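Enquirer: Sequence first, predicted coordinates after that:
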Amino acid sequence: MIKHIAIIMGGYSSEYEISLKSGAVVYETLAKTSYIPYSVHIFKNKWVYVDEAKNEYVINKDDFSVIVDTKKIIFDCVFNAIHGSPGEDGLIQGYFELLGIPHTSCSMYQAALTFNKRDLLATLKPFGIKTAESYYLNYGDVVNENAIIAKVGLPCFVKANKAGSSFGISKVYKKEDLNAAIENSFKEDNEIIIEQFLDGVEVSVGVISYKGEVKVLPITEIVSENDFFDYQAKYEGKSQEITPARISEDYKQKTITIAKKIYRVLGMTGFSRSEFIFKNDEPYLLEVNTVPGLTKESILPQQAQAADISLEALFVNAIEEALN
């Protein structure tokens, strides 16, 4: 029996445009398969199925169904392509889990935990996962610049705690620039994390559930033309993403071991992409993404291709894993 697959895209955060691009690639890919894909746009002011003629049909949030030409469509599975909230922070996962609808991303708890950088790093630290020194601020806290510098040093990174795609992130070299960077991060989130600068090779590693097994994909080395891997570097061609990474076998094995350990410790399912920087020959974790970019230029699809996994095989496997 042919399965009806809702590809959810858009979202409530600054990442919605990237999500729409990811969702469009998933739709185009699944349209060539035996599934019937549907582009479902999820925004704060509307949840709609958008057909190829750009007609919009309102999604019934009571059961996540839609009526098209008097026919009610019930989705067999949801392919999650929403970066940021509500697709990556656990909200949409909880909704589908309450409705009993299979979805391709990790479960609600894992999504909420990984989306919160501070909570993620604190959870993994007892398992021996190395992370940069960090300082936390919530909106309204008194900013003690001297205490921040004493803890993390300069330069440092000021980041929104719950945001992706390098939104709300600044690299700070001077004490007098700290406040502006903090204000910039608070535009994205009411919690921020200020981290020590780690000067070393940066790598990104995809870990997925593939054919019932945890699979680590070929590692990507990130070489940014900008000062760090910011939005321009990620999405406007201002970086080199080299897969497989030009790292030693020792670095490679350490990264594979730690990335797989993180996936298993967190009880992950579906896609994940972890970012590391090497310091003193050891990988230090920066963050874990559970709904990584899925365009043909994105890192995870590049890694899958290097592992001889086509986009179609990657997406079909995600659906079948969810259904099973």
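Expert: Received it, and whenever you're ready, just let me know what you need.

Enquirer: what's the closest non-adjacent residue to the residue nearest to the spatial centre of the chain?
Expert: By Cα atoms, centre = their mean, the chain has its centre lying nearest to Asn289, at 3.0 Å. Nearest non-adjacent residue to Asn289, counting by Cβ to Cβ, 6 or more residues apart in numbering: Arg273, 4.6 Å away. For glycine as for every other residue, the C-beta is placed from the backbone atoms N, C-alpha and C.

Enquirer: Locate that neighbour within the secondary structure: which element?
Expert: If you go by DSSP states H and E, Arg273 is part of strand 271-279.

Enquirer: Also Leu178?
Expert: Assessed by DSSP H and E, Leu178 sits inside helix 178-186.

Enquirer: pLDDT on that helix, on average?
Expert: Mean pLDDT, helix 178-186: 95.

Enquirer: Would you mind listing the buried residues in that helix?
Expert: 178, 181-182, 184-186 (16 or more other Cβ atoms under 10 Å).

Enquirer: can you redo those residues as a markdown table with distance to Thr243?
Expert: Putting the buried residues of helix 178-186 into a markdown table (distance: Cβ to Cβ, whole Å) gives the following:
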| residue | distance to Thr243 |
| --- | --- |
| Leu178 | 35 |
| Ala181 | 31 |
| Ile182 | 35 |
| Asn184 | 31 |
| Ser185 | 30 |
| Phe186 | 35 |
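
Enquirer: before we move on, back to that, give me the contacts around the strand holding Arg273.
Expert: Applying Cβ atoms under 8 Å, 6 or more residues apart in numbering, the contact partners of strand 271-279 are 104-106, 114, 130, 132, 198-208, 222, 247, 251, 255, 258-259, 262-263, 283-292, 299-300, 318.

Enquirer: Helices along the stretch 201-324 of the chain, start to end?
Expert: Remark: helices assigned in the stretch 201-324 of the chain by DSSP state H, counting those that start in this stretch are 231-235, 249-265, 299-306, 311-323.

Enquirer: Pick out the shakiest of the ones you listed, pLDDT-wise.
Expert: Across the helices of the stretch 201-324 of the chain, the lowest-scoring stretch is helix 231-235, with a mean of 46.

Enquirer: Stretch 114-131: which residues count as buried?
Expert: 114-117, 120-121, 123-124, 129-131.

Enquirer: ok, which pair from these is furthest apart?
Expert: Phe115 and Lys130 (20.8 Å; Cβ to Cβ).

Enquirer: any idea how far Thr70 is from Thr295?
Expert: Using Cβ to Cβ, to the nearest Å, we find Thr295 at a distance of 35 Å from Thr70.

Enquirer: Who has more neighbours out of the two?
Expert: More neighbours surround Thr295 than the other of Thr295 and Thr70, with 18 against 5 (other Cβ atoms under 10 Å).

Enquirer: which residues are in contact with stretch 172-190?
Expert: 13-14, 137-139, 143, 145, 148-149, 154-163, 167-170, 192, 194.

Enquirer: meant to ask about stretch 58-71
Expert: Contacts of stretch 58-71 (Cβ under 8 Å, 6+ apart): 6, 38, 40, 46-49, 51, 57, 72-75, 78, 95-96, 99, 101.

Enquirer: and Ile42, helix, strand or coil?
Expert: What DSSP: H, G, I helix; E, B strand; the rest coil gives for Ile42 is strand.

Enquirer: you'd agree it is up against Gly11?
Expert: Yes. With contact defined as Cβ atoms under 8 Å, Ile42 counts as touching Gly11 (6.3 Å).
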